[in-house]
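# Give me coordinates for this.
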Amino acid sequence: MISNIQIQNFRGFYNHSLRFKKSCIIVGKNNAGKSTVVEALRLVSLITNKYRTSVYKKRPTWLDAPSGLIGVSPSIKNIGINFDTIFFHYGSSPSIITAEFNDKNRITIYVGDGGKIFAVLRNSRGTIVKTRSKALKLNLTPINIFPQVGPVQKKEMILNSDYVKSNIGSHLSSLHFRNQLYLFPELFQKFKEAVEETWPSVTVKELIATGELDEKQLSFQVRNENFVAEVAEMGHGLQVWLQIIWFLTRVSNNSTVILDEPDVYMHADLQRRLIRFLRNKYNQILITTHSTEIMAEVGPEDILVIDKEKPESTYANTFPIVQTLIEQIGSAQNIHMARLWNAKRLILVEGKDIKLLKIFQNSLFPNSDAPFDAIPNMSLGGWGGWNYAIGSSMLLKNSLNQNIFTYCIFDSDYHTAEEISTRLDQANDKGIFLHIWSKKEIENYLLIPSALQRVIENNLAKRTSSPSIDEIEQRLMTILSEMEESVLDAISSELLKQNRGWTAGKSNKEARKLICDSKAQEESIISIASGKYVIKKFADWSQQEFGVSLNAIAIAKEMTAQEIPNELIKIVTSIEKSAVFKE
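The predicted model follows:
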């Protein structure tokens, strides 16, 4: 995938850089430079799509650069860029666009007067690629750009195939939609299946050619619910959706896919549907947009804010920054309300538990259209945040007047069965879906010997033996045994705090009983000891004995779906399916 791009002396950019992620929503105020970024990427796309077949030659005479440069100059015909005002502040040539990929391969594109271009390719070692045979070894990620499109033409005659192919990625694409379908019949079934998967009420019928040999007209029949008609008679949103799906049908999953303001003509529901369909399907997704709905579907860390006045565009990282941007764009919509409206769910957890829940969701529901970290979520900081949970739930019900599910997950810590029962009753009264872990905290569910062994084994230095399952289990038992006194003290202290009439002796006695019960059930205190502390002590041992560092996130990522405990599976499944917690 493309990792970063530097734009110099190009349109409104003097010297500007951008870093791209696997998923990147590109936003900015009007005239911030989004269109210029897409134009720069369009030039990079031209090179990635033609570098294997282009002729490699010395730098052209118009370019004032080192004489040893060798590169390619593919045709810019139908690229859809106006080169008349290409240089910064009407300056002189060249414009320079440098794109680097995650494997460190690099393309430098020089743009001269009149749209002359010359591109130099370098491999991961920085060596200039001088021949077509060397270029074949680069394996650059293909970049495919979906242009801004509009509704299709009312009528469309069969056109010259070369003309249709040459304009397939240009602003003329909408005018040739039926011709493109006609030109690639082998993709029609795949296109039909994708449309019907993403828009269940729509059925793709057939493409028909009628008329005389030289005057054939194309007709594309579509059904939406009970209405069957030619595509031009359908709503503009459906027309644009069909064109997007057709574009995605043609591109490979290992490519970088760029959509330039696809939200135009599309209802909010379609915008959300598009993001969910694209998620995790392609090597990289870059989308330019003004849409609050699209921004609400991703985390702020994936929203790249373009600002040509700065040397580098940066990611929003927090929702207050995104909200400020939305107001600058001119929308009155609230990003937090939009996310709640879309997800219909709010997740309240302790600490950073949402990261662990997201990992388990990835294992159990790899194709989910609502990643937990994209659903509005907040950290309550423990049982003390219960009133905040109640207040949040009541606020949502009163302000949105919508059925928003509030999920709340607490550690059990050392709370008594009576306390837990009371809290669950309160949650039921307030309409909050509350779950309290049966183990002390979520980290206790990560203490799976087979997963711990794989974390070490997969990160070992060569020629180093990994520990056996028996060794892992023995180390856990040793850690838990060493913790027993501190766990006893913690339970006793909590019981004394909850039962003011008790003496220290009584609370100690009850604490010992709880420990004995735990050991009778599981032969250890593995459910009531601090899972965080056990992982810390295990990580210390792993680092000392094997030179492998680990943490809760690494363990969770290593766990297979079969290793995830049933209690966790039930909770993740309930949130995924917007269902109630079943205790």
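# what mean pLDDT does the longest helix along the chain have?
What stands out as the longest helix in the chain, according to DSSP state H, is helix 469-498. The average pLDDT within helix 469-498 is 90.
# Residues contacting the helix or strand just after it, please?
Later in the chain than helix 469-498, the nearest helix or strand by DSSP states H and E is helix 504-522. Contacts of helix 504-522 with the rest of the structure, by CB atoms under 8 Å, 6 or more residues apart in numbering, involve 484, 487-489, 491-493, 495-496, 499, 502, 524-528. Any C-beta I mention is one placed from the backbone N, CA and C, and that applies to glycine too.
# what's the angle between helix 504-522 and helix 469-498?
Going by axes from the mean of the first three to the mean of the last three CA atoms, to 10 degrees, helix 504-522 is angled at 150 degrees with respect to helix 469-498.
# please begin residue numbering at 39 from this point
New numbering, starting at 39: the last item is helix 542-560.
# Wait, residue 470 touches residue 446, no?
Yes: taking contacts as CB atoms under 8 Å, residue 470 lies within contact range of residue 446: 5.4 Å.
# Closest one of the contacts of helix 542-560 to residue 456?
Nearest to residue 456 among the contacts of helix 542-560 is residue 537, at 9.9 Å by CB to CB.
# ok, now which ones touch the closest one?
Contacts of residue 537 (CB under 8 Å, 6+ apart): 544-545.
# For residue 603, see how far away it is.
For residue 537, the distance to residue 603 equals 31 Å [CB to CB, to the nearest Å].
# Over to residue 279?
Residue 279 sits 41 Å away from residue 603 when distances are taken as CB to CB.
# With residue 189 instead?
52 Å.
# How about residue 65?
In this view, residue 65 and residue 603 are 40 Å apart by CB to CB.
# More neighbours: the two, which one.
Set residue 65 next to residue 603 and count neighbours by other CB atoms under 10 Å: residue 65 wins out with 25 against 15.
# quick revisit: joint contacts of residue 470 and residue 446?
In terms of CB under 8 Å, 6+ apart, residue 470 and residue 446 are both contacted by the residues residue 427.
# Now do the same contact list for residue 62.
Applying CB under 8 Å, 6+ apart, the residues near residue 62 are 322-325, 340, 342.
# And residue 217, by the same measure?
194, 196-197, 202, 256.
# what comes up buried for stretch 148-161?
For stretch 148-161, the neighbour count (16 or more other CB atoms under 10 Å) marks 148-150, 154-161 as buried.
# Which residues does that stretch contact?
Contacting residues not belonging to stretch 148-161 are listed as 48, 81, 84-85, 89, 97-98, 100-101, 103, 107-112, 114, 119, 121, 124, 131-135, 142-147, 166-167, 172-173, 175-176, 178 [CB under 8 Å, 6+ apart].
# hmm, which of those are the buried ones?
Here, 16+ other CB under 10 Å leaves 48, 81, 84-85, 89, 97, 101, 107-112, 114, 119, 121, 124, 131-135, 143-147, 166-167, 173, 176, 178 buried among these.
# Take those residues and keep only those in helices.
Among those, the residues falling in helices (DSSP H) are 81, 84-85, 173.
# Average pLDDT for stretch 447-466, rounded please.
Stretch 447-466 comes out at a mean pLDDT of 90.
# what does it contact?
Outside stretch 447-466, the residues that reach it (CB under 8 Å, 6+ apart) are 385-388, 391, 395, 418, 420-421, 424, 428, 446, 471-480, 528-529, 532-533, 536, 566, 609, 621.
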